[in-house]
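[1] need coordinates for the below:
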Amino acid sequence: MSDWLWILWAVLGGILIVAEIFTTGFVLLWFGVGALAAAFAGFVGINSLVVQFLIFAFVSIGLTAASRTIFINYFSREKTGQSLRSGVDALPGKIGTVVSSSNGALQEGAVKVFGSTWTAYPAAGEPPLEAGERVCVDSVEGASIYVRRVGGEPEWRAKTLPE
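    Down below sits the predicted model:
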């Protein structure tokens with residue numbers, strides 16, 4: 001029986017690797033590789049179940065620990081200190097276009113940013129907004145944004161058509 005034990009390890013490895021396709025944890029793959037390593041050990045003549053199990057355990061745990069370290073170092077934002085910003089939190093620093101000039105005592109206007117139109121006010125020290133101007137979102141307060149002007153037209157936008 002111990003001469004054919006490697007076949008059981010190989011089948012277990014195949015099952016674990018295929019099962020990884022249906023999970024999101026990215027752990028079963030390494031246990032499948034560990035089972036294949038134990039199967040290889042049995043195939044080359046190491047017939048002790050204890051030794052095969054130790055090979056399985058060391059390879060599986062080692063690969064799992066190594067992959068976690070690699071994923072944290074290369075795919076995590078923990079090192080940079082940045083977090084993923086979305087929704088309203090992502091607005092500051094984004095460029096928009098004034099679609100409605102400032103009016104009234106509060107200089108209320110409207111700015112389109114990422115396809116959404118926001119109630120906008122000029123930031124402290126900024127003149128009233130004029131339709132068509134490019135602005136940068138300075139801050140968000142409630143459902144309103146405060147904006148500052150951005151200088152000039154973008155480099156890729158031609159002012160006149162080439163002749």
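
[2] which stretches of the chain form strands?
    In the chain, the strands defined using DSSP state E lie at 95-103, 108-113, 116-122, 134-141, 144-149.

[3] where in the protein is pLDDT low?
    Low-confidence segments of the chain (pLDDT under 70): 1-2, 74-85, 152-163.

[4] one step back: how about the strands of the chain in CSV, adding mean neighbour count and distance to residue 29?
    For glycine as for every other residue, the C-beta is placed from the backbone atoms N, C-alpha and C. Listed next are these as CSV, based on neighbours: other Cβ atoms under 10 Å; distance: least, Cβ to Cβ, whole Å:
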stretch, mean neighbour count, distance to residue 29
strand 95-103, 17, 43
strand 108-113, 20, 42
strand 116-122, 18, 41
strand 134-141, 17, 43
strand 144-149, 19, 46
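
[5] and the ones you listed as CSV, adding distance to residue 49?
    Compiled in CSV, those are given as follows (distance: least, Cβ to Cβ, whole Å):
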stretch, distance to residue 49
strand 95-103, 65
strand 108-113, 64
strand 116-122, 64
strand 134-141, 63
strand 144-149, 67
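
[6] please name whichever of those strands is nearest to residue 89.
    strand 134-141 (8.1 Å; Cβ to Cβ).

[7] can I get that closest one in PDB, CA atoms only?
    Extracted C-alpha coordinates of strand 134-141, given in PDB (Å, rounded to 0.1, in the frame of the first residue of the first chain):
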ATOM      1  CA  ARG A 134     -11.900  74.600 -15.500                       C
ATOM      2  CA  VAL A 135     -11.700  74.300 -11.700                       C
ATOM      3  CA  CYS A 136     -10.100  72.000  -9.200                       C
ATOM      4  CA  VAL A 137     -12.200  70.700  -6.200                       C
ATOM      5  CA  ASP A 138     -10.600  72.200  -3.100                       C
ATOM      6  CA  SER A 139     -13.000  70.700  -0.500                       C
ATOM      7  CA  VAL A 140     -16.300  69.100   0.000                       C
ATOM      8  CA  GLU A 141     -18.800  70.200   2.600                       C
END
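
[8] longest helix in this structure, by number of residues?
    Ranked by number of residues, the top helix in the chain under DSSP state H is helix 49-75.
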